[in-house]
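1. Below: sequence and its predicted model.
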Amino acid sequence: MKVTVVGAGAVGASCAEYIAIKNFASEVVLLDIKEGFAEGKAMDLMQTASLNGFDTKITGVTNDYAKTADSDICVITSGIPRKPGMTREELIGINAGIVKTVSSSLIQHSPNTIIIVVSNPMDTMTYLVHKTTNLPKNRIIGMGGALDSARFKYRLAEALEAPISDVDGMVIGGHSDKGMVPLTAHATRNSVKVTEFLSDERLNQVKEDTKVGGATLTKLLGTSAWYAPGAAVSGLVQAIACDQKKMYPCSALLEGEYGLNDLSIGVPVILGRNGIEKIVEIELSDAEKAHLTESAEGVKKTNGLLAL
Ligand SMILES: NC(=O)C1=CN([C@@H]2O[C@H](COP(=O)(O)OP(=O)(O)OC[C@H]3O[C@@H](n4cnc5c(N)ncnc54)[C@H](O)[C@@H]3O)[C@@H](O)[C@H]2O)C=CC1
Ligand SMILES: O=C([O-])CC(=O)C(=O)O
């Protein structure tokens, strides 16, 4: 199993590290445009192999796509991150060009690959890859919901004063400060709905804290987060590589599901060896449906800024 990660920055390196530590891939290629940067990150990570006990071979290359040839899975993290006070949508001007060029170069050398898009604004970047590569829709996946759901669980555990392992929950919708739809009515603690333990007011606070999860960290760090994003990507890569048929919320191209068309947005999907093997349509309340529709309108507005 060969995995390429484009962008050896904060998220790309964290992603390579978690993939290696989980020890399911034979090879990870890190590629960056900055001379020597990916080589350095790869060497540093390889020097953790004996300490962390993994056999995955990590190599770094400067913009040499020949070295990525025949990758089973390619992850795109190249592009700029936001700074405090910015929205993810403001990154479109620079990141759209990068994502378009990178995805085309990847496919030239790995025509059968599955692409996971991470660069922001992620739903729009995922749509861009769909529009410009013509790969089958099951092979283009946007990562956002897996991360947002992990943050949702963190906030739920905090509110419940419970260990995170007791908690389950999912966030669908756009990966944006306003667009996320944390499914509070579906969230559980050991199969009991959290609505039994938390007031509407407290649950609403959990929801709002979840939606601005990325912005909160960006304010604290001066740039956006990388540990949880890297871990979330590694989860999707493992689900595909090991054909796990796990359900994750991912940005998928919709053709009528949830009453939505011609956009990529976060919905529950089954991930296996073929990428998105199924889009799962769950029952939503009227309020959740309205929030998802509003979220889709926001994503479509950003998609409208693409020069397609
Ligand atoms: N979807 C999600 O949930 C998340 C998305 N992100 C996004 O991921 C992206 C990366 O974030 P960070 O790793 O923190 O940024 P970073 O600045 O640390 O790393 C980005 C890397 O991309 C490289 N790069 C730029 N243009 C390139 C090109 N044409 N080819 C190859 N490499 C290129 C840069 O040299 C840099 O090393 C940002 O757009 C950020 O907003 C970050 C966290 C979560
Ligand atoms: O907040 C950002 O800009 C990066 C990101 O998507 C996240 O951490 O959720």
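-> Received, thanks. Ligands and ions are numbered 1, 2, ... in the order given.

2. buried set for stretch 91-108?
-> The neighbour-count check on stretch 91-108 (16 or more other CB atoms under 10 Å) flags Leu91, Ile92, Asn95, Ala96, Ile98, Val99, Lys100, Val102, Ser103, Ser105, Leu106, Ile107 as buried. Placement of C-beta: from N, CA and C, glycine included.

3. distance of the last one from Thr4?
-> From Ile107 across to Thr4, the span is 11 Å (CB to CB, to the nearest Å).

4. tell me, what's touching the two both at once?
-> Residues touching both Ile107 and Thr4 by CB atoms under 8 Å, 6 or more residues apart in numbering: Thr113.

5. filter the buried residues of stretch 91-108 down to the ones close to ligand 1.
-> Subset of the buried residues of stretch 91-108 in contact with ligand 1: Leu91, Asn95, Ile98, Val102, counting by CB under 6 Å from any ligand atom.

6. avg pLDDT for the helix or strand hosting the last one?
-> Taking DSSP states H and E as the criterion, Val102 maps to helix 92-109. Summarised as a single mean, pLDDT over helix 92-109 is 98.

7. helices or strands next to it in the packing?
-> Packing partners of helix 92-109 (3 or more CB pairs under 8 Å, 6 or more residues apart in numbering; DSSP states H and E): strand 2-6, strand 73-76, strand 114-117, helix 122-133.

8. export the second one as PDB, just CAs?
-> Which is strand 73-76. Output in PDB follows, covering the C-alpha atoms of strand 73-76 (Å, rounded to 0.1, in the frame of the first residue of the first chain):
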ATOM      1  CA  ILE A  73      -4.100   6.800  -2.100                       C
ATOM      2  CA  CYS A  74      -3.000  10.500  -2.500                       C
ATOM      3  CA  VAL A  75      -3.700  13.100   0.200                       C
ATOM      4  CA  ILE A  76      -3.600  16.800  -0.800                       C
END
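
9. Tell me if it is near ligand 1.
-> No: if you take CB under 6 Å from any ligand atom as the test, strand 73-76 misses ligand 1, and the best it gets is 8.6 Å.

10. Would you state the strands of this protein in chain order?
-> Using DSSP state E, the strands of the chain run over residues 2-6, 27-32, 57-62, 73-76, 114-117, 140-142, 167-168, 171-173, 180-182, 188-189, 192-193, 246-255, 261-272, 275-279.
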